[in-house]
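[1] Pasting the sequence and the predicted model now:
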Amino acid sequence: MSVLLLTLLIYGVGLVLTAVGSRLAGRCTTWCCALCGLPMWVVGGTVAPFCLALPQLMLAFLAAGLSITSLAVGTALAGAVANLGLALAICLLNPRHEVSVDRNEFCRKCLLLLAACVVLIVFVRDGSLSYTGTGLLMFLFVVFVLISIVYQHHFIYGEGCDLITTAEEPSRETLAGASAASYGYTAHTMAFPVMSVFNALKNLLGVTVGLVLLAGGAQALVYSAASLANLTGTIQALWAATLISFGFCLPLLADALDHPIGSVWKRFSMRCRYYPPSTLPIQLLNSAILNLTLALPISSLMYRQRLPFGSQFRHYDLPICMAMGIVLLLPPLLRKRLYRWQGAVCLVLYLLYVAAALLAPLSGA
């Protein structure tokens, strides 16, 4: 019992370190990009989605390097499922806000997510991710980056925005939020530091400290998940699908629900914000795509062999992720609007996924 309690304590410390480290690294990286003079539409298309997916990327990187492939694959896939079926679903269901997204970008990202799922389904049929599949996922990652940069450039300068919301008649405030005058990373995230050597060194230190905290937290989570699997006689994918993915989702849930988990995290999150709150739905979709198109190829490269893909990942994670992508895509594509019931369907799919992982785990994970 004492070993189990110690393992759960290490798990909790790991979650805190990854949450704090990823936010701190994301904030300071954005500052460093601003100090280097990079346009914010480039930062918004690259740094923001990458930092949001940083915990899953770091954990998958470390787990694959330690040859704990089931935990690496499970973290990437379960992270994508949790981002869509929990964080994005709650964001759509939140009655206090009208969720608004650019229709064209939302549809493009949903199609990119579905393309990544199709690549995985085709190239993991024999129980491992082939080198061709890894290459195609990396190609989709490059496409993702290019699409994101072009979209940020057009959106920040008010070029071709086709706003859709969960409301039948969008409010004036919502429509105004899409205009170039009121949108931008400088206006809605942070006040950028004065150009000075001190600020440059301070932010470089922040990036370093954030990455160290993140690496330490990810290492603690790898250890705790492997230990819990050994102590309870369960598969490692079970813990990736439940405790780890849910823990990584807690900060995103706090954003989706206006930070209800405490004033301390709210102040830290506001201070370390690196993306506008209104872009959370797109950022969650971006994070899910990066889990598939970047975390899995990184894991494959770290493992230096064909990455094993357990039966649970092929029969639970991939179909659920693909179903969520279809649910999110069809209404904006066909009806040109978002619906709150999309969030409800994604949440039900997520609960079914967790129930299946808990009650009917499959072998090979």
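    Looks like it arrived, so ask away.
[2] Val101: which element?
    strand 100-102 (DSSP states H and E).
[3] Which secondary structure elements does that strand sit against?
    Counting contacts by 3 or more CB pairs under 8 Å, 6 or more residues apart in numbering; DSSP states H and E, strand 100-102 packs against strand 163-165, helix 280-290. For every residue, glycine as well, the C-beta is placed using N, CA and C.
[4] Arg96: neighbour count?
    6 (other CB atoms under 10 Å).
[5] nope, Met322 is what I meant
    Using other CB under 10 Å: Met322 sits among 17 other residues.
[6] Now do it, the pLDDT please.
    The score at Met322 is 95. That number is its pLDDT.
[7] Excluding sequence neighbours, find me the nearest residue to it.
    Cys117 (4.2 Å; CB to CB, 6 or more residues apart in numbering).
[8] these two touch, right, the one you found and Leu292?
    Yes: if you go by CB atoms under 8 Å, Cys117 and Leu292 touch, sitting 7.1 Å apart.
[9] The two: which is more packed in?
    Each of Cys117 and Leu292 has its neighbours counted (other CB under 10 Å); Leu292 has more, 26 against 23.
[10] next one: phi and psi at the more buried one?
    Dihedral pair for Leu292: phi -90, psi -40, per degrees, to the nearest 10.
[11] And for Pro308?
    Torsion angles, degrees, to the nearest 10, at Pro308: phi -60, psi 140.
[12] Pull the contacting residues for the residue nearest to the spatial centre of the chain.
    The chain has Ser287 as the residue nearest its centroid, 2.9 Å off, counting by CA atoms, centre = their mean. Each residue near Ser287 by CB atoms under 8 Å, 6 or more residues apart in numbering is listed here: Pro49, Leu52, Ala53, Gln56, Gly79, Ala80, Asn83.
[13] try 7 Å
    Pro49, Leu52, Ala53, Asn83 (CB atoms under 7 Å, 6 or more residues apart in numbering).
[14] Could you give the separation of the strand holding Val101 from the chain centroid?
    18 Å (CA atoms, centre = their mean, to the nearest Å).
[15] same deal with stretch 93-102?
    Using CA atoms, centre = their mean, the offset of stretch 93-102 from its chain centre is 19 Å.
[16] For that stretch, which residues meet the burial criterion?
    For stretch 93-102, a neighbour-count test (16 or more other CB atoms under 10 Å) marks Leu93, Asn94, His97, Glu98, Val99, Ser100, Val101, Asp102 as buried.
[17] Against Leu333, how distant is the closest residue to Phe246 other than its chain neighbours?
    Distances taken as CB to CB, 6+ apart place Ala82 nearest to Phe246, at 6.4 Å, with adjacent residues excluded. Separation of Ala82 from Leu333 (CB to CB, to the nearest Å) stands at 24 Å.
[18] Comparing the two, which shows the higher neighbour count?
    Counting neighbours by other CB under 10 Å for Ala82 and for Leu333 shows that Ala82 has the greater number, 30 against 13.
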